[in-house]
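Engineer: Predicted model and sequence follow; I will ask about them next.
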Amino acid sequence: MTDADQIVLPEQVSPEMLSKLFSDAFMDASIDKDGDVQVVETYRSYVVPGNENKWLRVYAVFGANAEASLENKMEFVNRINADLVIVRAYVDGTGRFIFEHYLPIEGGITEKAIVLAVRRFHRLLEAAIRKDEKNVIS
């Protein structure tokens, strides 16, 4: 068994553990002032342990074009949700775009699976941005 095949159990998950895991995978990772793990590749995302560490929330926030209508924003997130099923997109109360993915870790998950899921999330962000035909993202 390689280090990447090491099983991570919910009780082992912490911001420090996740930050080290991503750094060891040659990803730019740090812990922000809120205690969230920030991962920067092409885009900036955050990895946050969920309820009793049963899952990880991976999310990214993008600003919205001030001139974009709510109708165009909703059309965009609906297209993302239909086409990129693994990523959930929505417009928050301030008009920003939130993209997120939940990774179950209850029962254990390999370190490699966590790293690959976050890398895939970043690739899906790229795909989502390419779908912005009406320039709703700023």
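Structural biologist: Done, it's in. A quick note: this is a predicted structure, and the numbers were derived from the prediction, not measured. Numbering: from 1, shown residues only.

Engineer: Give me the average confidence score over the helix ranked longest in the chain.
Structural biologist: Counting by DSSP state H, the longest helix found in the chain is helix 111-130. For helix 111-130, the mean pLDDT works out to 95.

Engineer: again with stretch 17-24
Structural biologist: 96.

Engineer: got the buried residues for that stretch?
Structural biologist: Buried residues in stretch 17-24, counted by 16 or more other CB atoms under 10 Å: 18, 19, 21, 22. Quick note: C-beta positions are derived from backbone N, CA and C, even for glycine.

Engineer: Using the three-state scheme, assign residue 90.
Structural biologist: Classification of residue 90 by DSSP: H, G, I helix; E, B strand; the rest coil places it in strand.

Engineer: Could I get the contacting residues of residue 72?
Structural biologist: Residues near residue 72 by CB atoms under 8 Å, 6 or more residues apart in numbering: 134, 136.

Engineer: What lies in contact with stretch 16-29?
Structural biologist: Contact partners of stretch 16-29, identified using CB under 8 Å, 6+ apart, comprise 8, 30-31, 37-41, 47, 49, 56, 111, 114-115, 118-119.

Engineer: mind running it again at 7 Å?
Structural biologist: Identification of contacts with stretch 16-29 by CB atoms under 7 Å, 6 or more residues apart in numbering yields 30, 31, 37, 38, 39, 40, 41, 47, 111, 114, 115, 118.
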